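[1] got a predicted model here, sequence first, then my questions.
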Amino acid sequence: MHELEIQVPAPRPGSYKVAIGTGLLPGLWPQIKAAFGHRRPFVITDANVVAAGHLDALLGSRPAPQFIIDPPGEGSKNITTAVAIVEAMEKAYLGRDTLVVALGGGTVGDVAGFAAAIFKRGVPVVQIPTTTLAQADSAIGGKTGVDSSVSKNAFGAFWHPAAVYIDVATVQTLDERQYRCGLVESVKHAMIADVNYLEFIEQHMDALLNRQSAVLQTIARHNCTIKGRIVEADPDERNQRRMLNYGHTIGHAVESAGNYQLLHGEAVAIGIIAAGRIEIEMGLSEPDRLERITALLERLGVPTKPPSDLDERELIDRLKHDKKAVSRWPRFVLLDRLGHVHCPNGQYATDVDRLVVEKVLNSMKNDR
């Protein structure tokens with residue numbers, strides 16, 4: 001097992017450990033009880049995780065109050081679900097001594113973390129991510145939230161976990177689509193911070209697609225190290241942490257405009273290619289960079305173009321509603337070279353003219 005520690009600076013100083021290994025889940029409950037023994041655990045998971053056997057693996061025959069999100073997925077990531085969870089905790093007579101245990105993918109982790117942040121003005125949450133997406137990204141860093149009917153993550157809070165346990169064996173139960181699209185966040189981390197890591201992904205793609213445990217542990221360590229370092233420097237996304245949004249601005253717009261028919265990683269893959277085209281328009285791209293990344297994403301089997309039925313005007317409107325928008329228009333994270341984010345005047349997000357974005361979206365729609 002590999003462990004790393006993520007420091008959270010003021011105004012909420014402290015730290016939390018991230019444990020990474022294979023086959024951790026069956027022995028994890030006693031560790032959680034030992035670490036947080038004075039707290040009463042409340043497990044939040046979803047129907048997919050239950051069907052995969054992960055809840056049984058965690059609890060065995062031990063009783064624990066729980067909430068199962070059903071139907072699973074982004075469609076349930078809303079304020080109604082968060083309210084239902086809080087009320088379920090109240091009905092179980094839980095209080096400030098509660099420990100929320102989030103067992104699942106990105107939706108479970110986001111909703112559970114948000115519920116923990118608002119229950120009784122905040123209780124700790126332990127993240128146990130079970131998908132490639134959550135293990136790479138959403139379980140680390142304390143971003144929690146739910147969607148509105150207009151945009152992604154409209155309600156949210158920064159609520160850093162008390163601990164994170166990553167058992168890479170859990171991703172063996174994912175279907176191929178879920179597994180592959182979750183790896184897009186790993187590609188993103190490599191692109192923004194570590195060219196050597198990008199080369200590792202390219203060179204070990206066959207082993208990665210075959211779900212080999214050793215490779216899965218290696219990418220988990222890289223992802224957590226990269227994201228942990230960025231979060232330590234900027235836990236509340238004042239500046240540097242914006243770089244983690246690479247590919248997400250247009251990706252989120254594509255995801256929400258398509259009524260979440262695309263999975264998050266698929267939408268981010270499209271957003272990464274869109275960012276690459278914006279970089280070309282703004283004279284920031286290296287020779288053959290876009291072709292290299294396109295080829296890598298195509299090896300993953302994820303889309304690199306928006307669905308043909310998505311209205312460009314709807315995408316532009318969704319961008320205006322982006323949670324990071326100022327004066328109804330977001331700034332974009334861009335690269336000036338692989339492994340390095342473009343930082344004009346020390347800012348990790350860049351002004352991009354709307355006409356440039358419209359040109360890129362139009363070219364992606366017509367390039368089929």
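    Received it, and whenever you're ready, just let me know what you need.
[2] and the top helix by length along the chain, C-alpha only, in PDB?
    Counting residues, the longest helix found in the chain (DSSP state H) is helix 213-233. Taking Å, rounded to 0.1, in the frame of the first residue of the first chain, the C-alpha atoms of helix 213-233 are listed here in PDB:
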ATOM      1  CA  SER A 213      -3.300  -3.500 -11.000                       C
ATOM      2  CA  ALA A 214       0.300  -2.300 -10.900                       C
ATOM      3  CA  VAL A 215      -0.400   0.200 -13.600                       C
ATOM      4  CA  LEU A 216      -3.600   1.400 -12.000                       C
ATOM      5  CA  GLN A 217      -1.800   2.000  -8.700                       C
ATOM      6  CA  THR A 218       1.000   3.900 -10.500                       C
ATOM      7  CA  ILE A 219      -1.500   6.200 -12.200                       C
ATOM      8  CA  ALA A 220      -3.400   6.700  -8.900                       C
ATOM      9  CA  ARG A 221      -0.100   7.800  -7.300                       C
ATOM     10  CA  HIS A 222       0.600  10.200 -10.100                       C
ATOM     11  CA  ASN A 223      -2.900  11.700 -10.100                       C
ATOM     12  CA  CYS A 224      -3.000  12.100  -6.300                       C
ATOM     13  CA  THR A 225       0.500  13.600  -6.200                       C
ATOM     14  CA  ILE A 226      -0.300  16.100  -9.000                       C
ATOM     15  CA  LYS A 227      -3.700  17.100  -7.700                       C
ATOM     16  CA  GLY A 228      -2.500  17.100  -4.100                       C
ATOM     17  CA  ARG A 229       0.400  19.500  -4.800                       C
ATOM     18  CA  ILE A 230      -2.000  21.900  -6.600                       C
ATOM     19  CA  VAL A 231      -4.600  21.800  -3.900                       C
ATOM     20  CA  GLU A 232      -2.100  22.400  -1.200                       C
ATOM     21  CA  ALA A 233      -1.000  25.600  -3.000                       C
END
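[3] give the next helix or strand downstream of that helix.
    Once the chain leaves helix 213-233, the next helix or strand it forms, by DSSP states H and E, is helix 248-257.
[4] and the longest helix of the chain, what does it pack against?
    Where contact means 3 or more CB pairs under 8 Å, 6 or more residues apart in numbering; DSSP states H and E, helix 213-233 is packed against strand 2-8, strand 14-21, strand 163-167, helix 184-193, helix 195-203, helix 205-209. Heads up, the C-betas are built off the backbone N, CA and C, glycines and all.
[5] tell me the mean pLDDT for the last one?
    Yep, that's helix 205-209 we're talking about. Helix 205-209 carries an average pLDDT of 97.
[6] what residues sit buried inside that helix?
    For helix 205-209, burial by neighbour count (16 or more other CB atoms under 10 Å) applies to Leu208, Leu209.
[7] same question, the first one
    Applying a neighbour-count criterion of 16+ other CB under 10 Å, one finds Leu4, Ile6, Val8 buried in strand 2-8.
[8] contacts for that strand?
    The contact list for strand 2-8 (CB atoms under 8 Å, 6 or more residues apart in numbering) reads 14-21, 140, 142, 160, 217, 221, 224-225, 228, 231-232, 235.
[9] ok so, going back, out of the helices and strands packed on helix 213-233, the one nearest Ile280 is which?
    helix 184-193 (15.0 Å; CB to CB).
[10] and the closest one, how far out from the chain middle?
    12 Å (CA atoms, centre = their mean, to the nearest Å).
[11] which residues are in contact with stretch 348-361?
    Taking CB under 8 Å, 6+ apart as the rule, stretch 348-361 contacts 239-243, 245, 250, 274, 277-278, 281-282, 306, 312, 315-316, 319, 324, 329-334, 341-342, 344.
[12] gap between the two ends of it?
    22 Å (CA to CA, to the nearest Å).
[13] flag every buried residue along it.
    Applying 16+ other CB under 10 Å to stretch 348-361 flags Tyr348, Ala349, Thr350, Val352, Val357, Val360, Leu361 as buried.
[14] which two from those end up farthest apart in space?
    Tyr348 and Leu361 (22.9 Å).
[15] of all the helices and strands packed on helix 213-233, which lies closest to Ala115?
    Closest among those, using CB to CB: strand 163-167, at 17.1 Å.
[16] paired strands for the closest one, with orientation please.
    strand 14-21 (parallel), strand 125-129 (parallel) (DSSP bridges).
[17] where in the stretch 1-150 of the chain is pLDDT low?
    For the stretch 1-150 of the chain, applying pLDDT under 70 flags the ranges 1, 9-13.
[18] repeat that for 80
    1-5, 7-14 (pLDDT under 80).
[19] need the helices for it, in chain order.
    28-35, 47-52, 54-59, 79-91, 106-118, 132-133 (DSSP state H, counting those that start in this stretch).
[20] okay, now Leu290: neighbour count?
    18 (other CB atoms under 10 Å).
[21] hang on, the earlier thing: of the helices and strands packed on helix 213-233, which approaches Ala112 most closely?
    That would be, of those and by CB to CB, strand 163-167, which comes in at 12.6 Å.
[22] report the angle between that closest one and helix 28-35.
    Strand 163-167 and helix 28-35 are oriented at 160 degrees to each other (axes from the mean of the first three to the mean of the last three CA atoms, to 10 degrees).
[23] let me see the mean pLDDT of strand 163-167.
    Mean predicted confidence for strand 163-167 is 96.
[24] and that strand, how far out from the chain's middle?
    That offset, for strand 163-167, works out to 15 Å (CA atoms, centre = their mean).
[25] equivalent analysis for stretch 174-190, please.
    Using CA atoms, centre = their mean, the offset of stretch 174-190 from its chain centre is 10 Å.
[26] kind regards, and thank you for your time.
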